[in-house]
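K.L.:
Sharing a model that was predicted from the sequence below.
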Amino acid sequence: MAEQSVTYITKDGDVIDSIAHRVYGAVFGAVEHIYSNNPILMDLPAVLEAGISLKLSPYVSSTQDQQQTSFWEAIK
């Protein structure tokens, strides 16, 4: 699949840390990456309600030898 942004729709009780871990395989740096692509999160509580649309773009984790993390299958 092409390396492109995808939309993730939150489920009731989602938190950014768990989304980052599930989608990118890491939390360090990925949480900030999600927040930078979704500034609306700054105004929302830590525990998210269902139905919030988040933009998830490809992310290269420095803790994974600069290899592109494949998260496309993780969010299907």
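P.N.:
Received the coordinates, thanks. Since the model is a prediction, treat every value here as computed from it, not as a measurement. Numbering: from 1, shown residues only.
K.L.:
In terms of helix, strand or coil, where does the residue nearest the centre of the chain fall?
P.N.:
By CA atoms, centre = their mean, the mean C-alpha position of the chain lies nearest to Ala20, the distance being 4.4 Å. Under DSSP: H, G, I helix; E, B strand; the rest coil, Ala20 falls in the helix class.
K.L.:
ok, which stretches of the chain are helices?
P.N.:
Here the chain has its helices, by DSSP state H, at 16-24, 30-37.
K.L.:
before we move on, back to that, and the residue nearest to the centre of the chain, what pLDDT?
P.N.:
Ala20 carries a pLDDT value of 94.
K.L.:
isn't it right up against Tyr35?
P.N.:
No. Using CB atoms under 8 Å, Ala20 is not in contact with Tyr35; the gap is 9.7 Å. C-beta coordinates here come from the backbone N, C-alpha and C atoms, glycine included.
K.L.:
quick one, strands of this protein?
P.N.:
6-9, 53-56 (DSSP state E).
K.L.:
Phe28 is nearest to which of the ones you listed?
P.N.:
Nearest to Phe28 among the strands of the chain is strand 53-56 (16.5 Å), distances taken as CB to CB.
K.L.:
for the closest one, which positions count as buried?
P.N.:
Residues of strand 53-56 classed as buried: Leu54, Leu56 (neighbour count, 16 or more other CB atoms under 10 Å).
K.L.:
May I see the buried residues of stretch 13-22?
P.N.:
For stretch 13-22, a neighbour-count test (16+ other CB under 10 Å) marks Asp14, Ile16, Ile19, Ala20, His21 as buried.
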